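> I would like to see how this sequence folds:
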Amino acid sequence: MESNSSNPYKDCLVNEERRLIDERTNVGTVEKKKIAIHMAQSNSDNHTKELDLGTKTPKPIQPILSAYPCTGLGKDRRCFQPQWYKSFTWIEYSITRNAIFCFPCRNFPTQPQKGYLFVIGYQKFRKVKEFLTAHGETNGHATNVILWNHFKQSLIEGTIKEKFVALTKSEIMPPGNAHYCSPPLQNQMLSAAGNIILKYIASEIREAGYFDVMADDTRDVSSYEQFCICVRYVDKTNTPKEFFISFEKVVDLNAESLTKTLISTLNNNSINAICVAQAYDGASVMKGHLSGVQEKYRKNHKMAIYAHCYAHKLNLVLISACKYLPQSRKTNIGENRASWRNFCQNHHSSENNDHIRSYKIPIDTLNIYL
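Below you'll find the predicted structure:
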């Protein structure tokens, strides 16, 4: 039986370019046919040409040429611009195909390869910045970039097998065919390393004698409620330390269930020093003074006073401020961290209060939380 030999990626590209041609109302029918035939032939030749980008390398192939060949006809005639390398450091250029590829998505794909930047290359150099910006904001691209960074780190620090051999100092030589790359084995190694770290944290807490506990629940991508538990203490050098202990899957979100989960997690990790404080968010199930987690936990830890988590309070302040300042939603707080810190430290000053009143933000909203 004769199968359809058409390539879905090539067909998709040709259809898209035909659509763009139809939008050009100032081009005649004969001219449209010439352009469509030229684009179809160009893309067919482009797909059959050998790719000159190689395999996994520390960085993308980004050749600098004196001139780049152009594609398209008439007003759509464009060529590759080398300054795009600076704006999009993850792109690579194929000389043989005269096309742009995404280096992390081509070499470290987490999903089946589809689209221009994976297989045949992106050759429509008109409005290419908009296309690359949209691609760079996708979740798939972000995941592939993380894998790329891990690959570069392994080139510097060595693979898991190399690290394992170095740690054992050749006392336990693994078999020659052992690569330690299977997911179950890597999970076991990570679990073993995590247990060692938890034992070290527990020993430091016992040596310090006092600690405080922090907890909050969140829902993961699988819609399961995870109870996050952290501890904070001061070590023997008077250095405050804060560590994550574990995520605990919980079914019931009532105070009784959360308290049992909190106590059992601390006991299972041998964290049995004197607890002097507990910090949660402002939810009633956590802060309730009659039947909340903080009250139930204090039955066995009399010195564990409750404090509303300052990080959560700051988050409430920012949310409330954004309700009154629509333009603040477009502000990158990370780039203006110093300004936010200065504002929070001096929020009682008359100058800041006058600034707040100019935007009609209730002063009480900030005083409640800060």
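> my guess is Ile205 meets Asp212, correct?
No: applying CB atoms under 8 Å, one finds Ile205 not in contact with Asp212, separated by 10.3 Å. From N, CA and C alone the C-beta is placed, and that goes for glycine too.
> Between these two, which has more neighbouring residues?
When Ile205 and Asp212 are compared for neighbours, Ile205 comes out ahead with 26 against 18, by other CB atoms under 10 Å.
> quick one on the thing from earlier: which residues are in contact with each of Ile205 and Asp212?
Val231, Tyr233 (CB atoms under 8 Å, 6 or more residues apart in numbering).
> Strands of the stretch 101-250 of the chain, residue ranges please.
210-219, 225-234, 240-250 (DSSP state E, counting those that start in this stretch).
> In TSV, list those strands along with distance to Thr96 and mean pLDDT.
Putting these into TSV (distance: least, CB to CB, whole Å; pLDDT from 0 to 100) gives the following:
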stretch	distance to Thr96	mean pLDDT
strand 210-219	48	90
strand 225-234	49	93
strand 240-250	49	92
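> And the ones you listed: which comes nearest Thr55?
Taking CB to CB, strand 240-250 is the member of these nearest to Thr55, at 36.8 Å.
> Run through the neighbouring helices and strands of the longest helix along the chain.
Ranked by number of residues, the top helix in the chain under DSSP state H is helix 183-208. Judged by 3 or more CB pairs under 8 Å, 6 or more residues apart in numbering; DSSP states H and E, the packing partners of helix 183-208 are helix 160-168, strand 225-234, strand 240-250.
> ok and it relative to strand 225-234, angle-wise?
40 degrees (axes from the mean of the first three to the mean of the last three CA atoms, to 10 degrees).
> which regions of the chain sit below the pLDDT cut-off?
Residues of the chain meeting the criterion pLDDT under 70: 1-51, 54, 112-119, 160-161, 164-176, 178-179, 325-370.
> what domains does the record give for it?
8-146, 187-308, 318-369 (automatic domain parsing).
> Tell me the span between the first and last residue of the second one.
When you say that, I think you mean domain 187-308. 35 Å (CA to CA, to the nearest Å).
> got the buried residues for the longest helix of the chain?
Leu198, Ile201, Ala202, Glu204, Ile205, Ala208 (16 or more other CB atoms under 10 Å).
> Over to stretch 302-315?
Quick answer for stretch 302-315 (16+ other CB under 10 Å): Ala304, Tyr306, Cys309, His312, Lys313.
> who's in contact with the first one?
Think Ala304. Applying CB under 8 Å, 6+ apart, the residues near Ala304 are Asp212, Val213, Cys275, Val276, Ala277, Gln278, Gln294, Tyr297, Arg298.
> distance of the second one from Gly288?
From Val213 across to Gly288, the span is 17 Å (CB to CB, to the nearest Å).
> Just want to know which of these two has more residues nearby.
More neighbours surround Val213 than the other of Val213 and Gly288, with 24 against 15 (other CB under 10 Å).
> hey, what's the more buried one bridged with?
On the basis of DSSP bridges, Val213 is bridged to Val231, Gln278.
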